[in-house]
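K.L.:
Sharing a sequence plus its predicted fold:
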Amino acid sequence: MTDPIIEYNNCNVTQDCKGLSITGGYIYRGPHQPWQGTYFFGDWSSTFSTKDGRLYAATRSGNKWTMEDVKAVNMPDFNAYVLGFGQDGQGNVYVMASVTTGPVGAQDKIYKIVPGE
């Protein structure tokens, strides 16, 4: 066991928080060089009643990791629950999202995370 590389407060416990449930992601290995080695992940939502999924990027410098919010240009109005992540053969990262909390005929979506130009 090793110590966590990133930690944040859970919204069930405190107002100063990032989400309810971390959704693991992938290390970017696609063609955009500045993102090489960046770990993309997310959080399902900050509340159970609102589709407020969050996307994050973690980067490593030496032995220290930092995290920042992701605002991908192709998802300007991202407003969904984060379900999972995927990666294609070229190393690009995708996020799977839903507008509802369960299997009730909702429209789910897959987004490719792309850099701004």
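P.N.:
That came through fine. Numbering: from 1, shown residues only.

K.L.:
only C-alpha atoms for contact and neighbour calcs from this point on.
P.N.:
Noted.

K.L.:
From the rest of the structure, what touches stretch 110-117?
P.N.:
Outside stretch 110-117, the residues within contact range by C-alpha atoms under 8 Å, 6 or more residues apart in numbering are 32, 72, 73, 74, 75, 92, 93, 94, 95, 96, 97.

K.L.:
What is the nearest of these to residue 81?
P.N.:
Nearest to residue 81 out of those is residue 97 (C-alpha to C-alpha; 5.4 Å).

K.L.:
what helix or strand does that closest one sit in?
P.N.:
Secondary structure from DSSP states H and E places residue 97 in strand 93-98.

K.L.:
List the buried residues for the helix or strand that comes right after that strand?
P.N.:
Per DSSP H and E, the first helix or strand lying C-terminal to strand 93-98 is strand 109-112. Under the neighbour-count criterion of 16 or more other C-alpha atoms under 10 Å, strand 109-112 has 111, 112 buried.

K.L.:
centre of the chain versus the helix or strand bottoming out on mean pLDDT in the chain, how much separation?
P.N.:
In the chain, no helix or strand scores lower on mean pLDDT, DSSP states H and E than strand 109-112, which sits at a mean of 89. For strand 109-112, the separation from the chain centroid amounts to 12 Å (computed by C-alpha atoms, centre = their mean, to the nearest Å).

K.L.:
Retrieve the pLDDT associated with the most centrally placed residue in the chain.
P.N.:
Among the residues of the chain, the one closest to the centroid is residue 42, at 2.4 Å (C-alpha atoms, centre = their mean). Residue 42 carries a pLDDT score of 96 in this model.

K.L.:
same thing with residue 105?
P.N.:
Residue 105 is assigned 66 on the pLDDT scale.

K.L.:
Equivalent analysis for residue 83, please.
P.N.:
At residue 83, the model reports a pLDDT of 92.

K.L.:
and it, which of the three is it?
P.N.:
strand (DSSP: H, G, I helix; E, B strand; the rest coil).

K.L.:
just the helices in this protein please.
P.N.:
Secondary structure of the chain (DSSP state H): no helices present.
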